[in-house]
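>>> Compute the structure for the input listed below.
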Amino acid sequence: MNAAVRPARLAPAIAVLFSAHAVGVIIPLLTLPWLARVLGPTAWAPVLIAQALANWATLVLEFGFDLAGARDVAQAESEEALARIAAAIQRARLLLTPLVSLCVVGVAAVIMSDDWRLVAGTVAFVVARGLSPYWFYQGKQKVRAAALLDALSKVIPAAAVFVMVRGADDSWWVLALQALGAAVSTSVLTWRMHGEHALPRVTTREAYAALRGAVPLFAARAAAGLYLQANTMILSFWAPPVVVATYGGAERIVRASINFLTPLTQALFPRMSRLVRTAPHEAHRELRRILLILVGLAIVGAGAMAMLGDVIIALLLGASYAASVDVLRVLVLAIPLVTAGTVLGIYWALPWHRERLFLWSIVLGGAVNIAVALLLVPGGQAMGMAAAVIAAECSVTLVLTAAFVREPRWELQGASSRESQRAP
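Down below sits the predicted model:
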C-alpha cells in the first residue's frame, strides 16, 4: 500500500466534493441572467471571449499537472518523494508563467476589445488559477478544506458581480473579480502545502523533467481546449458579437452541466490510480460499473435539457437570446459523449498510463472540430459551431471505446504480471 497517501473513504469524499463543486458551479451560473441582460449581447461577447481565452490559457499553464500531478502524488511511495514531486511541478509552472502571460496578451490584442482592463483581468486570472496546487490535495485525497476554499473563490466573486457590474462599461469587472478570487485561493492553498510539507529545493533540470513527463497529458488537454474552451474564440473570427453571445450563452449552460463530473474525477482518479497498482481486476470491474451509471444519468439529463430548452434559455438568458434554444438542443448531445469520454480517458487510460492513446483521441477530436468548423461555421454560424463540437466529441469517444473494448484482457494480464514482480 502507498505509504505516502492513505486512501480516504470514497463516499464522504465524493459528497464533500459534490457539495462544494455544486455551490461553485451553480452560484456563478446565476450570474448569467444578470450579465446577459445588463451587458446585452454586444458587450457580453467580449467577456465570453476573454473567459474562453482564459480557460484555454489556464490549461496551458497547468500543463496537464492537474491530472499527472494528482496521479503521481497518489502513487508516491514516500513523503519525501511526494514533496519532491510537488516542488518540481510548482517550479515547472513558474517557468511557464511569463511565456503564457505574454501569449495571452498577444492573442487578446488580436481577438478581444481594446479594453486593457479586460486584458489585464484575463492575464491575472490565468496566472492565479494556473498556479493553484489543488491537484496536490486531490492526489492526497484530502480535499475537504481545499474544495471549500475553491468554491468560495468562485462564489464570492460571483456575488460581487451583482454589485460591480451595472452596465456595459463595467464588463471588465467580471474577469477582475474572478482573478481576485482565484488569487486568494491559490495563495492560501500554496501556503498550506508548504506548511504541511517541507518542499525541497529542486533544480531547473528537475523542473524540465517534470514538464517532459507531463507532455502527453498537456498535449491532450491543450488539444481538448480547441473544442472545449476555444470555440467561442474560433466563432468570433466569422460571426458578429450577437452570434457569439448566442452560442456562448448556450455553451456556458451545457458546460456547467458537464462540469458536475469534476467532483467525481477529483475523487475517483486517485482511487483508480491506486487500484491499478494493487487490484487491476477490481479496477476494471469498478470502471465498467461507473461507465454504465454515469452515461445513463447523462442521457437522462441531456434529454431533460433538450425538452426544457426554451424554458432554460428564457430563465437564464432572457428573450433576447431565443436563438440560443436550438444551439442548446444540439450541444446537449455532448453531455453523454463527454461523460463516456471522461470515464474512458481519465478513469481508464490515464491510470493505466495510456497517455498516448488519450492524446491521439483528443488530437483527433481537435482536428475534427477545426475541420467541421471551417466547413460549417461560415454559413451555419452558431449552429455550425455546435455541430463541430458534437462531431469532435463523437470522434474522441469512439476511439476510446474501441480501444477499451479491444484490449482490456491484455491490460489485466500485464498489470497482474507487474504486480507479481513487485511482490516480495
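>>> which ones are touching the residue nearest to residue 170 when sequence neighbours are not counted?
Leaving out its chain neighbours, the residue that sits closest to residue 170 by CB to CB, 6 or more residues apart in numbering is residue 164, at 6.2 Å. (Each C-beta comes from the backbone N, C-alpha and C, glycine too.) Residues near residue 164 by CB atoms under 8 Å, 6 or more residues apart in numbering: 170, 173, 177.
>>> What residue, apart from its backbone neighbours, is nearest the last one spatially?
Taking CB to CB, 6+ apart, and ignoring the residues beside it in sequence, residue 177 has residue 157 as its nearest neighbour in space, at 3.8 Å.
>>> surely the one you found meets residue 185?
No - the pair residue 157 / residue 185 is not scored as a contact, 10.3 Å apart, by CB atoms under 8 Å.
>>> So between those two, which is more surrounded?
Remark: of residue 157 and residue 185, residue 157 carries more neighbours, 25 against 21, as counted by other CB atoms under 10 Å.
>>> Extract the CA atoms of the stretch of helix or strand that one belongs to and return them as PDB.
Secondary-structure assignment from DSSP states H and E places residue 157 in helix 144-164. The C-alpha trace of helix 144-164 is given here as PDB (Å, rounded to 0.1, in the frame of the first residue of the first chain):
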ATOM      1  CA  ARG A 144     -12.400  18.900   2.100                       C
ATOM      2  CA  ALA A 145     -10.800  22.300   3.000                       C
ATOM      3  CA  ALA A 146      -9.300  22.800  -0.500                       C
ATOM      4  CA  ALA A 147     -12.700  22.200  -2.100                       C
ATOM      5  CA  LEU A 148     -14.400  24.600   0.300                       C
ATOM      6  CA  LEU A 149     -11.900  27.300  -0.400                       C
ATOM      7  CA  ASP A 150     -12.100  26.700  -4.200                       C
ATOM      8  CA  ALA A 151     -15.900  27.000  -4.000                       C
ATOM      9  CA  LEU A 152     -15.700  30.200  -2.000                       C
ATOM     10  CA  SER A 153     -13.200  31.600  -4.600                       C
ATOM     11  CA  LYS A 154     -15.900  31.300  -7.200                       C
ATOM     12  CA  VAL A 155     -19.000  32.200  -5.100                       C
ATOM     13  CA  ILE A 156     -17.700  35.500  -3.600                       C
ATOM     14  CA  PRO A 157     -16.600  36.900  -7.000                       C
ATOM     15  CA  ALA A 158     -19.900  35.800  -8.500                       C
ATOM     16  CA  ALA A 159     -21.900  37.600  -5.700                       C
ATOM     17  CA  ALA A 160     -19.700  40.700  -6.300                       C
ATOM     18  CA  VAL A 161     -20.700  40.800  -9.900                       C
ATOM     19  CA  PHE A 162     -24.200  41.900  -8.900                       C
ATOM     20  CA  VAL A 163     -22.700  44.900  -7.100                       C
ATOM     21  CA  MET A 164     -19.900  45.900  -9.500                       C
END
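>>> So residue 370 versus residue 110, what's the distance?
Per CB to CB, to the nearest Å, residue 370 is found 18 Å from residue 110.
>>> Tell me which of the two has more neighbours.
Higher neighbour count among residue 370 and residue 110: residue 370, with 17 against 8, using other CB under 10 Å.
>>> Mind telling me what element that one is part of?
Using DSSP H and E, the element containing residue 370 is helix 355-406.
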